[in-house]
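**Student:** sequence plus the predicted model coming up.
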Amino acid sequence: METALRELTWKTCLVYLEDIIVFGRTEEEHLEEQLLEEVLSRLRAMGLKVKPRKCQLMSQSVRYLGHIVTQHGIGTDQTKKTASEQWPVPQCHQNLTVDWEHVSAICRI
């Protein structure tokens, strides 16, 4: 997929393994510039297919690689945030170290 979409990456879409986000500033930009059609035609030319049931079209936000991506940036998936709020209080140094690694991963976002 990266090969098929190489020239469009960061201009029209983002690719990570088999996940693709096609983006535009507005709905009109998406439609007028035929962004989705360009991505799909390049995939088709390489013999690649998409599963319609896995596609989200014209969304303001998407869950991507465990994060929520919107026009305003990248945020934490609420389900992960809720799970971290329910962690038990660490009782020893080893538990504190493991919890700190989880917190560090979340803070990078």
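**Tutor:** Arrived safely, thanks for sending. Residues are numbered from 1 along each chain as shown.
**Student:** wasn't His30 part of a strand?
**Tutor:** No - secondary structure of His30, determined by DSSP: H, G, I helix; E, B strand; the rest coil: helix, with no strand assignment.
**Student:** that one: neighbour count?
**Tutor:** 18 (other C-beta atoms under 10 Å). The C-beta positions use only the backbone N, C-alpha and C, and glycine is treated the same way.
**Student:** that one contacts Met58, doesn't it?
**Tutor:** Yes - His30 lies in contact with Met58 (C-beta atoms under 8 Å); the separation is 7.2 Å.
**Student:** now do the helices in this protein.
**Tutor:** For the chain, helices defined by DSSP state H occupy the ranges 27-32, 35-45, 78-85, 93-107.
**Student:** so for the second one, what's the average pLDDT?
**Tutor:** In this case it means helix 35-45. In this model, helix 35-45 carries a mean pLDDT of 93.
**Student:** now do that helix: distance to the chain's middle.
**Tutor:** Relative to its parent chain, helix 35-45 has a centroid offset of 19 Å by C-alpha atoms, centre = their mean, to the nearest Å.
**Student:** residues of it that come out buried?
**Tutor:** Neighbour counts over helix 35-45 (16 or more other C-beta atoms under 10 Å) mark 35-36, 38-40, 42-43 as buried.
**Student:** show me where pLDDT drops low in this structure?
**Tutor:** Residue ranges of the chain with pLDDT under 70: 81-84, 87, 90, 92-109.
**Student:** 90 instead?
**Tutor:** Across the chain, the ranges flagged by pLDDT under 90 are 1-4, 9-14, 16-19, 21, 23-33, 56-109.
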